[in-house]
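Enquirer: Predicted model follows, preceded by the sequence.
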Amino acid sequence: MDQFIVRPLFRDIVPGTCDAATGVTDGCLRWFEPTNVTLWLMLAVLAITALFVLGTRGRALIPSRVQSMAELSYGMVHKIVEDVAGRDGLKYFPYVFTLFCFVLFANLLGLLPMSFSTTSHIAVTAVLALLVFFGVTILGFVKNGSDFLGLFWVKSAPLAMRPLLAVIEVISYFVRPVSHSIRLAGNVMAGHAVIKVFAAFAAIAAVSPVTIVAITGMYALEVLVAVIQAYVFTMLTCVYLKDALHPAH
């Protein structure tokens with residue numbers, strides 16, 4: 001699992017040697033220290049900027065390939081937000097689209113050789129999920145007031161079952177950021193770990209051809225997973241946004 005270790009950019013540390021209690025701090029990360037995580041997070045932002053700012057600055061009637069990619073992704077996410085959250089949700093489209101682009105590019109950049117997969121860390125995905133969770137919760141109360149609590153009261157169910165269903169709905173609601181973040185981090189980490197396992201057999205001459213084919217297949221699958229996980233993260237965000245805008249069952 002060494003490929004997932006957070007390391008500073010400008011010095012070497014020995015993982016597992018950080019012990020502030022005994023004064024052994026050579027292996028500790030400093031809070032202000034740039035790491036491989038911050039580097040690849042910044043590269044994801046720069047790649048998004050290059051695609052949507054530099055790639056579309058010409059605004060050609062006959063778009064280039066880069067402009068076509070930008071326009072297609074914009075149109076796809078716009079349609080997802082409108083279909084799932086309704087027209088009321090379109091005012092929050094910029095935030096949803098930003099999430100989609102960030103997760104997508106972070107996933108894809110993590111597939112480059114010698115790169116670092118930032119979305120394999122729960123610290124990254126949990127922040128994204130918690131921003132969505134607190135954002136839609138605050139939005140729900142701002143838009144609906146106490147009526148937002150109707151999200152937890154299933155009026156269509158028999159009266160005797162409503163209290164039990166309310167408890168289940170509350171638990172389900174607060175589990176959202178956990179499932180939202182772990183789903184993304186778990187899928188990305190698992191795929192990279194499997195590729196690393198196959199790569200370990202590449203040095204064995206007898207199984208090397210099979211290993212190369214397996215790694216190629218897994219890599220293609222990981223590209224697909226990178227796109228699908230960005231899509232799933234965006235879709236779930238739109239579902240939660242819909243609940244905040246229209247909480248009644």
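Expert: Received it, and whenever you're ready, just let me know what you need. Residues are numbered from 1 along each chain as shown.

Enquirer: all contacts plus neighbour counts: C-alpha atoms, from now on.
Expert: Fine.

Enquirer: farthest residue from the center of the protein?
Expert: In the chain, counting by CA atoms, centre = their mean, A160 sits farthest out from the average C-alpha position, at 39.2 Å.

Enquirer: show me what contacts the spatially most central residue of the chain?
Expert: Residue closest to the mean C-alpha point of the chain, counted by CA atoms, centre = their mean, is V103 at 4.4 Å. Going by CA atoms under 8 Å, 6 or more residues apart in numbering, V103 touches 119, 230.

Enquirer: Regarding it, what is its secondary structure?
Expert: Classification of V103 using DSSP: H, G, I helix; E, B strand; the rest coil returns helix.

Enquirer: quick one: R57 is in a helix?
Expert: No - under the criterion used here (three-state DSSP), R57 is coil, not part of a helix.

Enquirer: Phi first, then psi, for it.
Expert: R57 has phi and psi values of phi -70, psi -20 when expressed as degrees, to the nearest 10.

Enquirer: For it, give its distance to S64.
Expert: From R57 over to S64 the distance is 11 Å, taken as CA to CA, to the nearest Å.

Enquirer: of those two, who's got more company?
Expert: Each of R57 and S64 has its neighbours counted (other CA atoms under 10 Å); S64 has more, 14 against 10.

Enquirer: ok, now how distant is the more buried one from G75?
Expert: Counting by CA to CA - S64 and G75 are separated by 16 Å.

Enquirer: Which parts of the protein are helices?
Expert: Using DSSP state H, the helices assigned to the chain run over residues 36-49, 65-85, 93-109, 122-144, 162-200, 208-245.

Enquirer: Let me know which of these is tucked in deepest.
Expert: helix 93-109 (a mean of 20; mean count of other CA atoms under 10 Å).

Enquirer: CA atoms of that helix as CSV?
Expert: These are the backbone C-alpha positions of helix 93-109, laid out as CSV (Å, rounded to 0.1, in the frame of the first residue of the first chain):
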residue,chain,number,x,y,z
PHE,A,93,-25.4,23.7,-11.4
PRO,A,94,-22.0,25.5,-11.1
TYR,A,95,-21.2,23.8,-7.8
VAL,A,96,-22.3,20.4,-9.0
PHE,A,97,-20.4,20.8,-12.2
THR,A,98,-17.3,21.8,-10.3
LEU,A,99,-17.6,18.7,-8.2
PHE,A,100,-17.9,16.5,-11.2
CYS,A,101,-14.9,18.0,-13.0
PHE,A,102,-12.7,17.8,-9.9
VAL,A,103,-13.5,14.2,-9.1
LEU,A,104,-13.2,13.2,-12.8
PHE,A,105,-9.8,14.8,-13.3
ALA,A,106,-8.5,13.7,-9.9
ASN,A,107,-9.5,10.1,-10.8
LEU,A,108,-7.9,10.3,-14.3
LEU,A,109,-4.7,11.9,-13.2
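
Enquirer: and the angle from that helix to helix 208-245?
Expert: 170 degrees (axes from the mean of the first three to the mean of the last three CA atoms, to 10 degrees).

Enquirer: any idea of the mean pLDDT in helix 93-109?
Expert: The average pLDDT for helix 93-109 rounds to 94.

Enquirer: measure the closest residue in space to L108 that isn't next to it in sequence to A193 for me?
Expert: Closest residue in space to L108, ignoring its immediate chain neighbours: A226 at 6.1 Å, by CA to CA, 6 or more residues apart in numbering. Separation of A226 from A193 (CA to CA): 14 Å.
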